[in-house]
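Novice: sequence first, then the predicted structure:
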Amino acid sequence: AENYEDEEVIYDLIEDVEAGIINCVIVRELSVLGQNYKHAIDMAERFFPYHEVRLIAIRNNYDSTKTGAWHTDKLPGLREKYHSEYLCRKNFERRDYHWSKGEYNFGPVPYGYVRINSRLYVDETAAANVRRIFENYLDGISPYRMMKNFNDMEIMSPRTYSNYIRTGEISHKYKWKDCTIIRILSSRFYVGDIVHRRFKKDALDTRPSDTLPKEDWIYVICRFNLH
């Protein structure tokens, strides 16, 4: 079984172990044995030893016949690992729930908006520049020319404006870039939509990996478009 969602496979495995048909179980990692970290550890610590079944977990580098220090060595580290994964999964579930309700608790606030009580609202000061970008684009002005014009007029760039909101100080270190304008023009935020959960992310991985299918994305229409 690849994971505990393959319930029929797991149930058949348990029945065969209890019937004495199986005396060795090999899994990718111990997490596939349980619905949560406690269940997986309980299976490895009690169920298989009780039935005298050899257990091999490849990714955990564990073989019950070769490791005599399960309780003092392997178990504490695995408990901590699965506990962390369990908590991370719960955090992801809570995050997705808040996203589906239109809340915006995570991630940077897009230029032109302000976050108040987990909701996005239009920041009229910055929104005027966003409107100008779209109007200029419709007039045939290139992102590069817009960048030059904004810098010549000393309009604060998104990063400068964000720093000004936090500190009250204006720094001219960060200038407008054409890629910033292109990013604004291509963002769904500016038609009033938010798209969440576009990338697959493991519980303890700090980087998003593969792009998820579009049917798994979370779309939220927030009706806060700037136009």
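Specialist: Structure received. Numbers count the residues shown, from 1 in each chain.
Novice: what are the ranges of the helices in this protein?
Specialist: Secondary structure of the chain (DSSP state H): helices located at 7-18, 37-42, 48-50, 75-100, 124-138, 143-152, 158-167, 178-185.
Novice: compare those helices and say which comes out lowest on pLDDT.
Specialist: When these are compared by mean pLDDT, helix 75-100 comes last with a mean of 65.
Novice: that older thread, dump the helices of the chain into TSV; add distance to Val191 and mean neighbour count as well.
Specialist: Just so you know, the C-beta spots here come from the backbone N, C-alpha and C atoms, and that holds for glycine as well. Below are these laid out as TSV (distance: least, C-beta to C-beta, whole Å; neighbours: other C-beta atoms under 10 Å):
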stretch	distance to Val191	mean neighbour count
helix 7-18	42	14
helix 37-42	42	18
helix 48-50	55	14
helix 75-100	18	14
helix 124-138	10	16
helix 143-152	18	16
helix 158-167	18	15
helix 178-185	11	17
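Novice: and those as TSV, adding distance to Ser118?
Specialist: Formatted as TSV, those follow (distance: least, C-beta to C-beta, whole Å):
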stretch	distance to Ser118
helix 7-18	36
helix 37-42	29
helix 48-50	45
helix 75-100	7
helix 124-138	20
helix 143-152	31
helix 158-167	18
helix 178-185	23
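Novice: hmm, who's touching stretch 172-186?
Specialist: Stretch 172-186 is contacted from outside by 111-112, 130, 133-134, 137, 142-144, 146-147, 150-151, 154-155, 157-160, 163, 190, using C-beta atoms under 8 Å, 6 or more residues apart in numbering.
Novice: among the helices of the chain, which comes closest to Asn60?
Specialist: helix 75-100 (6.7 Å; C-beta to C-beta).
Novice: if we can go back for a sec, between the helices of the chain, which gets nearest to Lys66?
Specialist: Comparing the helices of the chain by C-beta to C-beta, helix 48-50 comes nearest, at 14.0 Å.
Novice: any residues touching that closest one, and which ones?
Specialist: Helix 48-50 is contacted by residues 17, 25, 54-55, 64 when judged by C-beta under 8 Å, 6+ apart.
Novice: out of those residues, which comes closest to Ala40?
Specialist: Among those, and counting by C-beta to C-beta, the member closest to Ala40 is Leu55, at 11.1 Å.
Novice: number of nearby residues for that closest one?
Specialist: When neighbours are counted by other C-beta atoms under 10 Å, Leu55 registers 23.
Novice: enumerate every residue touching it.
Specialist: Contact analysis of Leu55 by C-beta under 8 Å, 6+ apart lists 24-25, 27, 44, 48, 62-64.
Novice: at 10 Å what do you get?
Specialist: Leu55 makes contact with 24-27, 30, 33, 43-45, 47-49, 62-65, 67, 70, according to C-beta atoms under 10 Å, 6 or more residues apart in numbering.
Novice: got it, and Asn149?
Specialist: 132, 136, 141, 155, 176.
Novice: cutoff 8 Å now
Specialist: 136, 141.
Novice: how far away is it from Asp178?
Specialist: Taking C-beta to C-beta, to the nearest Å as the measure, Asn149 and Asp178 are separated by 11 Å.
Novice: same deal with Asn23?
Specialist: Distance of Asn23 to Asp178, computed by C-beta to C-beta: 66 Å.
Novice: again with Ala127
Specialist: 20 Å.
Novice: circling back: wait, which of the helices of the chain is closest to Asn117?
Specialist: helix 75-100 (11.9 Å).
Novice: among the helices of the chain, which comes closest to Ile116?
Specialist: Evaluated over the helices of the chain, closeness to Ile116 peaks at helix 158-167, with 12.6 Å, by C-beta to C-beta.
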